[in-house]
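Visitor: I'd like to go over a predicted model; first the sequence, then the structure.
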Amino acid sequence: MCGVFGIYGHKEAANLTYLGLHALQHRGQESAGIVTSDGSQLSLHRGMGHVIDVFPPEQLERLGGPHAIGHVRYSTAGGSALKNAQPIAVDYARGSIAVAHNGNLTNAEALREKLEERGSIFQSTSDTEVIVHLFAMSQQRSFEDRVADALGQVQGAYSLLILTPESMIAVRDPMGIRPLCLGKLPGTETFVVASEPSSFDLIDAEYVRDIEPGEMLVIDQRGVRSVWPFAPVKRHTCIFEYVYFARPDSNIDGVSVYEARKNLGRALAREHGVKADVVIPVPDSGVPATIGYAEESHLPFELGLVRSHYVGRTFIEPRQSIRHFGVRLKLNPISAILKGKVVVVVDDSIVRGTTSRKIVKMLRDAGAKEVHMRISSPPTKWPCYYGIDTPTRGELIASSHSVEEINQYITSDTLAYLSLDSMVRSVVSARTEATGRSTKRTLPMADEPVDPSLDKKSFCTACWTGQYPIQFTPHPRQNQLRLLDL
């Protein structure tokens, strides 16, 4: 899960890209990078760490030009190292290009091996570099045809931004697994592209629309035009974007993330209500679902856990030791709210179970009489191969333990998960109008029809069901590369 941001046609392109990346920081905290174009050449700066640390003012001043793309990264393919930071910028026989990629390619290692046999030399272990080599070796004449030729050979999830000295291209994979959207600065011919539209608000850009699955958007001096180089396939948008990863103030593919999460909480209260004194979230991603749970169950909502905002999101922390320590560093209970109370705790997911176990212990130490854990998604049983760094199946607690066994491990009084059908219906019912305003529809009950254009087959639910829309076969060398990174 990375974040990409691009802008075409603004004298402060680097500064606006910096702000856009800052709004996407939740999607990646390991490295950040910006490439700018002045119309004749590209300039690049990348670094490890947060956007604010990588780009001091003096560094931004060196990135001149009216066009730019940027990237924030958290590693899935490849390791956490500067050599894998993006965007990747190269010179090749026909000029210069830079590429920023959100997603994961499932056949990257097989393609890499073939490319190396043909003489390609790789500088990183990132799957994004495979796309760069395929593009550079393409025999197609036009720029967009070379992009289509390269992407026609890859499999998996990708939302891409590609920058040349003269143009910017945005591409979303045919299944639309990762989000990508188009915006525009009012009263100008400046276009912006980002992983989430919430990044537009910071620079006063207007949301125009989502880039459709399989669409290639070419932005140059002639304006914006759409190219459709791929055969249409069934949409499989990652539903975990709505459950956890996207910012709650985003709208993705016509769905309000905030409303979807509130709907998840409402459905959770209907399926697994419990007599309690108070409902609290695991902040911050659990807050909207907890609001929905409290509304539906008519229980008071309280912030029983306070989060330090100076600590990164523990789910995407690359080092296991930090992930465990971060629970203590990140959350602190409020005893005055919890003491002597029967507490419902709402979270978005349980991965290994270690974080939930520590949270339950903290609540009991703060005086909670009972702790009932409620999860606004189904049990996570399968790893993701499309851009979320979930562990191997053996490390996922729900892959080998029943709900009651997990309940005993995390030491809660009861544990319950939202059903798959209710999760999908909760997201579908949060569809928004083209303006981005909520339609205010109430959540459909189980026997009510929903929009036939979106159903459970419209989303990727592989981490819960094991039904992968794109098959993935681990390559023998992949483990060697990961060991080398360690």
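Guide: On my side now, so go ahead.

Visitor: For L115, see how far away P248 is.
Guide: To L115, P248 is 40 Å away according to Cβ to Cβ, to the nearest Å. From N, CA and C alone the C-beta is placed, and that goes for glycine too.

Visitor: how's this protein carved up into domains?
Guide: Domains of the chain are assigned by automatic domain parsing as 3-233, 241-460.

Visitor: Lowest average pLDDT across the ones you listed?
Guide: For the domains of the chain, the bottom mean pLDDT is recorded on domain 241-460, which sits at a mean of 86.

Visitor: Next up, the contacts around the closest residue in space to Y258 that isn't next to it in sequence.
Guide: Counting by Cβ to Cβ, 6 or more residues apart in numbering, P248 is the residue found nearest to Y258 once chain neighbours are left out, at 4.3 Å. When contacts are counted by Cβ atoms under 8 Å, 6 or more residues apart in numbering, P248 is found next to V257, Y258, R261, V287, P288.

Visitor: cool, G265 as well?
Guide: P288, A289, T290, I291, G292, Y293, A294, E295, E296, V346, S376.

Visitor: List the ones among the residues you listed that fall in helices.
Guide: Residues from the contacts of G265 lying in helices, with DSSP state H as the criterion: P288, A289, T290, I291, G292, Y293, A294, E295, E296.

Visitor: So what's the residue count around the first one?
Guide: Applying other Cβ atoms under 10 Å, we find 24 residues neighbouring P288.

Visitor: In JSON lines: the domains of the chain, plus distance to Q467.
Guide: As requested, the domains of the chain are exported to JSON lines (distance: least, Cβ to Cβ, whole Å):
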{"stretch": "domain 3-233", "distance to Q467": "13"}
{"stretch": "domain 241-460", "distance to Q467": "9"}
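
Visitor: Could you point out the longest helix of the chain?
Guide: Under DSSP H, the chain gives helix 257-272 as its longest helix.

Visitor: got the CA coordinates for that one in PDB?
Guide: Extracted in PDB, the C-alpha atoms of helix 257-272 (Å, rounded to 0.1, in the frame of the first residue of the first chain):
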ATOM      1  CA  VAL A 257     -15.100   5.600   3.200                       C
ATOM      2  CA  TYR A 258     -16.500   7.300   6.300                       C
ATOM      3  CA  GLU A 259     -20.100   6.200   5.600                       C
ATOM      4  CA  ALA A 260     -18.900   2.700   4.700                       C
ATOM      5  CA  ARG A 261     -17.100   2.400   8.100                       C
ATOM      6  CA  LYS A 262     -20.100   3.700  10.000                       C
ATOM      7  CA  ASN A 263     -22.200   1.100   8.100                       C
ATOM      8  CA  LEU A 264     -19.800  -1.600   9.100                       C
ATOM      9  CA  GLY A 265     -20.300  -0.600  12.800                       C
ATOM     10  CA  ARG A 266     -24.100  -0.500  12.400                       C
ATOM     11  CA  ALA A 267     -24.100  -4.000  10.900                       C
ATOM     12  CA  LEU A 268     -21.800  -5.300  13.600                       C
ATOM     13  CA  ALA A 269     -24.100  -4.100  16.300                       C
ATOM     14  CA  ARG A 270     -27.100  -5.800  14.600                       C
ATOM     15  CA  GLU A 271     -25.200  -9.100  14.200                       C
ATOM     16  CA  HIS A 272     -23.300  -9.200  17.500                       C
END
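
Visitor: shouldn't R270 be in contact with Y293?
Guide: No. Applying Cβ atoms under 8 Å as the test, R270 and Y293 come out as separate, 9.5 Å apart.

Visitor: check contacts around the residue of the chain positioned farthest from its centre.
Guide: Largest separation from the mean C-alpha position in the chain: G340, at 38.1 Å (Cα atoms, centre = their mean). By Cβ under 8 Å, 6+ apart, the residues touching G340 are G367, K369.

Visitor: what about it, which helix or strand?
Guide: Using DSSP states H and E, G340 sits in no helix or strand.

Visitor: what's the answer for S120, then?
Guide: Assigned by DSSP H and E, S120 falls outside every helix and strand.

Visitor: give me every residue that touches the closest residue to it other than its chain neighbours.
Guide: Once flanking residues are discounted, S120 sits nearest to H133: 4.9 Å by Cβ to Cβ, 6+ apart. Contact analysis of H133 by Cβ under 8 Å, 6+ apart lists L115, S120, F122.

Visitor: What of L268?
Guide: L268 touches A289, G292, Y293, V346, R374, I375, S376, A416, L418, S422, counting by Cβ under 8 Å, 6+ apart.

Visitor: what is the fifth one paired to in the beta sheet?
Guide: In this structure, R374 has the following beta-bridge partners (DSSP bridges): V346, A416.

Visitor: Hmm, R270 and it touching each other?
Guide: No. Contact criterion Cβ under 8 Å: R374 and R270 do not qualify, at 11.5 Å.

Visitor: The two: which has the busier surroundings?
Guide: R374 (28 against 16).

Visitor: mind checking how far the closest residue to D173 other than its chain neighbours is from L329?
Guide: The shortest distance from D173 to any non-neighbouring residue, by Cβ to Cβ, 6+ apart, is to Y158 (4.8 Å). Remark: distance between Y158 and L329 (Cβ to Cβ) = 34 Å.

Visitor: Looking at those two now, which is surrounded by more residues?
Guide: Y158 (26 against 13).

Visitor: residues touching that one, list them.
Guide: By Cβ under 8 Å, 6+ apart, the neighbours of Y158 are H101, N102, G103, L105, I131, L151, V171, R172, D173, R178.

Visitor: next one: R178
Guide: R178 makes contact with N102, G103, A157, Y158, S159, R172, S195, C238, E241, Y386, G387 under the criterion Cβ under 8 Å, 6+ apart.

Visitor: dump the residue contacts of the second one.
Guide: Applying Cβ under 8 Å, 6+ apart, we find G103 in contact with C2, G156, A157, Y158, S159, D173, I177, R178, Y386, G387.

Visitor: Residues in a beta bridge with the fifth one, which ones?
Guide: Right, S159. N102, R172.

Visitor: So which of the contacts of G103 are in strands?
Guide: Per DSSP state E, strands hold the following members of the contacts of G103: S159.

Visitor: Looking at the contacts of G103, which is nearest S426?
Guide: I177 (19.7 Å; Cβ to Cβ).

Visitor: what's around the residue lying closest to the closest one once chain neighbours are set aside, how many residues?
Guide: Of all residues not flanking I177 in the chain, A157 sits nearest, at 3.8 Å (Cβ to Cβ, 6+ apart). Applying other Cβ under 10 Å, we find 28 other residues in the vicinity of A157.

Visitor: Nice, that's everything, thank you.
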